[in-house]
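A.B. asks: Quick one, what's the 3D model for this:
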Amino acid sequence: MSILEQLLSPMTLSDFSTTHLFREPYAAPEKASFLRNSLSWNTLNEILYTGHKNCWLPLQGKLPLDEDLCTGQLTFSQARKGFESGRTVLVRHAEQAHPLFAALAKDFYRLFNDPVDVQLYCTPAGQEGFDWHYDYEDVFVIQSEGEKEFRLRKNTVNPGASIKKTSQLEDLKNETTRAELRCYLKPGDWLYIPAGYWHKAMALTDSYHISVGVLMGQDKKPNVGNLHLRSRAF
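C.D. replies: From the prediction side, this is the model:
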């Protein structure tokens, strides 16, 4: 059984594909409990120790002014100091830096047969790593520790993120949808966000979550019968 099947159970992949995939957000409490504690400062230290070159300290989408903190490489001390100053510690392509997330990415790739990017977010209480934005990937958010509130809005300007843009500011300005969905994640909960869906997140406590992004091809159709469903922005 794939990880996604475990997350969805008792819902089937076929039902998920029909009702939510590419269409609407979906959340399930406690279904990701087997992935709790997957992300911690110990895990982060192991990744930073490898010299992984995709580690960042965003705050509301902006990086620090210090050039030493904008190279993509961080020491554990720099990460802790950034976190304590209110910044999110973000690791992109964690599947390239740690066997646990490599296995996670491999499992999703076997299912979707599309590029997978595992991102890690360590966000201090009361902070947002990014303001309103949408991703070009379908995203599966797994809450490892702490609590986080996600706010989501439908995208009517660039639905499905079918058009890639260098900036989303104009889209946000032109967006007419104001109705919001709010989702509160606790450890072991998970959330699916379709590509193109506006979202932002606030850490209610110190929060650690794993984000599995699947970049699904626009011309591909799900084939859940064979468990190949076929399909994010910083």
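
A.B. asks: tell me which residues of the top helix by length along the chain are tucked away?
C.D. replies: Using DSSP state H to define each element, the chain has its longest helix at helix 99-112. Residues of helix 99-112 classed as buried: 100, 101, 104, 105, 107, 108, 111, 112 (neighbour count, 16 or more other CB atoms under 10 Å). No exception for glycine: its C-beta is placed from N, CA and C like everyone else's.

A.B. asks: Stretch 25-42 too?
C.D. replies: Within stretch 25-42, the residues that qualify as buried are 25, 26, 27, 31, 32, 35, 36, 38, 39, 41, counting by 16+ other CB under 10 Å.

A.B. asks: Pretty sure the fourth one sits against residue 8.
C.D. replies: This points to residue 31. Yes. The pair residue 31 / residue 8 is scored as a contact, 7.4 Å apart, by CB atoms under 8 Å.

A.B. asks: residue ranges with poor pLDDT in this protein?
C.D. replies: Low-confidence segments of the chain (pLDDT under 70): 218-234.

A.B. asks: Name the SS class of the residue nearest in space to the middle of it, please.
C.D. replies: Nearest to the geometric centre of the chain sits residue 211, at 2.9 Å (CA atoms, centre = their mean). Here residue 211 takes the strand state, with states given by DSSP: H, G, I helix; E, B strand; the rest coil.

A.B. asks: any idea how far the residue nearest to it when sequence neighbours are not counted is from residue 77?
C.D. replies: Spatial nearest neighbour of residue 211, excluding adjacent residues (CB to CB, 6 or more residues apart in numbering): residue 119 at 4.4 Å. According to CB to CB, to the nearest Å, residue 119 and residue 77 sit 22 Å apart.

A.B. asks: neighbour-wise, which of these two wins?
C.D. replies: Ranked by neighbour count (other CB atoms under 10 Å), residue 119 and residue 77 place residue 119 first, with 24 against 9.

A.B. asks: can I assume the more buried one sits in a helix?
C.D. replies: No. Using three-state DSSP, the assignment for residue 119 is strand, not a helix.

A.B. asks: So it sits against residue 213, correct?
C.D. replies: Yes. Under the criterion of CB under 8 Å, residue 119 makes contact with residue 213 at 6.6 Å.

A.B. asks: Could you pull out the strands in this protein for me?
C.D. replies: 26-28, 55-56, 89-91, 116-123, 138-145, 148-153, 181-185, 190-193, 198-203, 207-214 (DSSP state E).

A.B. asks: hang on, residue 38 packs against residue 100?
C.D. replies: Yes. Using CB under 8 Å, residue 38 is in contact with residue 100, at 6.2 Å.

A.B. asks: List just the nearest of the buried residues of helix 99-112 to residue 56.
C.D. replies: Proximity of the buried residues of helix 99-112 to residue 56 (CB to CB) peaks at residue 101, which lies at 16.3 Å.

A.B. asks: so who does that closest one touch?
C.D. replies: By CB atoms under 8 Å, 6 or more residues apart in numbering, residue 101 lies in contact with 94, 95, 118, 120, 210.
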